[in-house]
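Engineer: return atomic coordinates for the entry below.
(one chain, ligands or ions: 1)
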Amino acid sequence: MQLGFVSAILADQSLEEVLRFAAGEGFDCVEVLCWPPGGPDRKYGGVTHLDVTDFTPAKADDTRALIDKHGVAFSALGYYSIPLSAEEDQATAAIEHLYKVIDAAAMLGLKGINSFLGANQFKSMEENLAKFAEVWPPIVRHAEERGVRVGIENCPMLYAKTWPFGLNLAHSPAIWRRMFEIIPSPNFGLNYDPSHLRMQLMDPVAPIREFGSRIFHTHAKDMRVDPHRLNDVGSFAPPMDRATAKLPGLGDIDWGAWIGALGDAGYDGPVCIEVEDEAYTESLEARQRSLRISRNVLRPLIG
Ligand SMILES: O=C1C[C@@H](O)[C@H](O)[C@@H](O)C1=O
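Structural biologist: Just a heads-up that it's a prediction; the model follows:
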C-alpha cells in the first residue's frame, strides 16, 4: 500500500508546493483534486490543483516532469461533484467535466480517477438507480476504453440541507451490490472511506470481505460518534449532528483492523489521508501538522 493524502487540505498551495511538502514528509502519493477552476462550490470541494479543462499531451508531459522532480506519485485524480444532481445544470457540468478528468488521467498514464455517483435527493432510491443506469454506463465505457478505473466514494453527502437522502447514492454495501449488478465493468469500483460507514453507525471494516476486489482507492479519515450528541438529537438527525470528522487515530476507527482487512483482501493501493477535522484547519501550519500526525499513525501499519 502507498501512503498519501487528498490535496484538498492544502487548497491554497500550488501543485508544486503540495508535491514538495509530500516529498519532504515522506508521503508516497497525493490524490490530486481537479475541479474546474472557479472557486469552491462547498467546503473541501472546488479545489483545482490540476486544471484539466483543456488538458493536452504537452501539459501531461509538464505534469509528469513535476511528478518525477519530486518523486511523489498521483494516486488518482479526484473530482467529487454530483452527476445525478436534481439541478440539471450541476449534473450536466459534472458529467462533462468527469470526461475531462478521465481523459487527463489517461494522458498522465494514471490507473484511476475518483468521483461520487451523485443523487437526486427528491427522488426515490429506485428512481435514482434508474437514472444511474442511464447516465453512468457511457462514462464507465469511456474510462474502460482509455484503461482508466473509476472509484466511487461512499460519502453520502448528508448534511442538514441534504437530509435525509444525501447527494451521493453510493453510501452502503446494499447499494454497492446494486451498482455493480448494473455496471459489472472491472473498471468500476470504490474509493473506500471507512469514516462514512462509522458516521452511519455501521461497521467500517466488515464490507471489505465482500467488496475487497472492487476497492481501487481508499481515504483514511476517522469519525467519532459523540454519545452526548447522539443522546441529544437521536439517530434520525443529520449524521454530522451526532458525529465529528477526526484525523486517523483520533476517532473511533480501528486502523489496524481496517488495514489488516484490506491486506487480507489483497488490496495494495493508495491510502490517502483526508483531513476534515475542524480542530486542524485554522492555519497552513495546523493543516500540515494534521497530515504529519495522521502519517505518524498510519505509517507503522503500512510500512
Ligand atoms: O472524500 C470526500 C470528498 C469531499 O469533496 C467531500 O466533501 C467529503 O465529505 C469526502 O469525504
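Engineer: gap between residue 33 and the ligand?
Structural biologist: Residue 33 sits 8 Å away from the ligand, going by CB to the nearest ligand atom, to the nearest Å. No exception for glycine: its C-beta is placed from N, CA and C like everyone else's.
Engineer: what does residue 15 give?
Structural biologist: Distance from residue 15 to the ligand, by CB to the nearest ligand atom: 18 Å.
Engineer: okay, that residue: pLDDT?
Structural biologist: Per-residue pLDDT puts residue 15 at 98.
Engineer: OK, contacts around the closest residue to the ligand within the stretch 101-250 of the chain?
Structural biologist: Using CB to the nearest ligand atom, the point where the stretch 101-250 of the chain gets nearest to the ligand is residue 155, with a distance of 4.0 Å. By CB atoms under 8 Å, 6 or more residues apart in numbering, the residues touching residue 155 are 80, 116, 168, 171, 193, 196.
Engineer: and the fifth one, backbone torsions?
Structural biologist: Meaning residue 193. Taking degrees, to the nearest 10, you get phi -120, psi 110 for the backbone angles of residue 193.
Engineer: which residue is the nearest non-sequential neighbour of it?
Structural biologist: Distances taken as CB to CB, 6 or more residues apart in numbering put residue 219 closest to residue 193, at 3.8 Å, once the chain neighbours are dropped.
Engineer: isn't that neighbour right up against residue 191?
Structural biologist: Yes - taking contacts as CB atoms under 8 Å, residue 219 lies within contact range of residue 191: 6.5 Å.
Engineer: shared neighbours, those two?
Structural biologist: Shared contacts of residue 219 and residue 191, defined by CB under 8 Å, 6+ apart, are found at residue 153.
Engineer: pick out whichever of these two has more residues nearby.
Structural biologist: residue 191 (30 against 26; other CB atoms under 10 Å).
Engineer: OK, contacts around the closest residue to residue 146 other than its chain neighbours?
Structural biologist: In this structure, residue 146 finds its nearest non-sequential neighbour in residue 106, 3.8 Å apart by CB to CB, 6+ apart. Neighbour list for residue 106: 146, 147, 148 [criterion: CB under 8 Å, 6+ apart].
Engineer: Provide a ChimeraX selection command restricted to the buried entries of these.
Structural biologist: Listed next is the ChimeraX selection for buried residues among these, using 16 or more other CB atoms under 10 Å:
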select :148
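Engineer: sorry, back to before: where does the residue of the stretch 101-250 of the chain closest to the ligand land in three-state SS?
Structural biologist: Following DSSP: H, G, I helix; E, B strand; the rest coil, we place residue 155 in the coil state.
Engineer: what's the spacing between residue 75 and the ligand?
Structural biologist: 13 Å.
Engineer: can you report phi and psi for the closest residue to that residue other than its chain neighbours?
Structural biologist: Counting by CB to CB, 6+ apart, residue 270 is the residue found nearest to residue 75 once chain neighbours are left out, at 3.5 Å. Main-chain dihedrals, residue 270, degrees, to the nearest 10: phi -70, psi 150.
Engineer: which residues touch residue 270?
Structural biologist: Residue 270 touches 1, 2, 3, 4, 28, 29, 31, 75, 76, 217, 218, counting by CB under 8 Å, 6+ apart.
Engineer: any idea how far it is from residue 28?
Structural biologist: From residue 270 across to residue 28, the span is 8 Å (CB to CB, to the nearest Å).
Engineer: so what's in contact with the two at the same time?
Structural biologist: Joint contacts of residue 270 and residue 28 (CB under 8 Å, 6+ apart) are 2, 3, 4.
Engineer: count of neighbours near the first one?
Structural biologist: Applying the criterion other CB under 10 Å, we find 15 residues in the vicinity of residue 2.
Engineer: okay, and the beta partners of it?
Structural biologist: residue 270 (DSSP bridges).
Engineer: okay, residue 39: pLDDT?
Structural biologist: Model confidence at residue 39 (pLDDT) stands at 73.
Engineer: actually, residue 44.
Structural biologist: Predicted confidence (pLDDT) for residue 44: 88.
Engineer: hmm, back to that, any chance of the shared contacts of residue 270 and residue 28 in CSV, plus distance to residue 209?
Structural biologist: Output for those, formatted as CSV (distance: CB to CB, whole Å):
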residue, distance to residue 209
2, 22
3, 23
4, 25
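Engineer: closest one of those residues to the ligand?
Structural biologist: For the shared contacts of residue 270 and residue 28, the nearest to the ligand is residue 4 (13.3 Å; CB to the nearest ligand atom).
Engineer: regarding that closest one, what is its secondary structure?
Structural biologist: Here residue 4 is recorded as strand under three-state DSSP.
Engineer: just checking, it touches residue 25?
Structural biologist: No - at 10.5 Å, residue 4 and residue 25 do not qualify as touching, with contact defined as CB under 8 Å.
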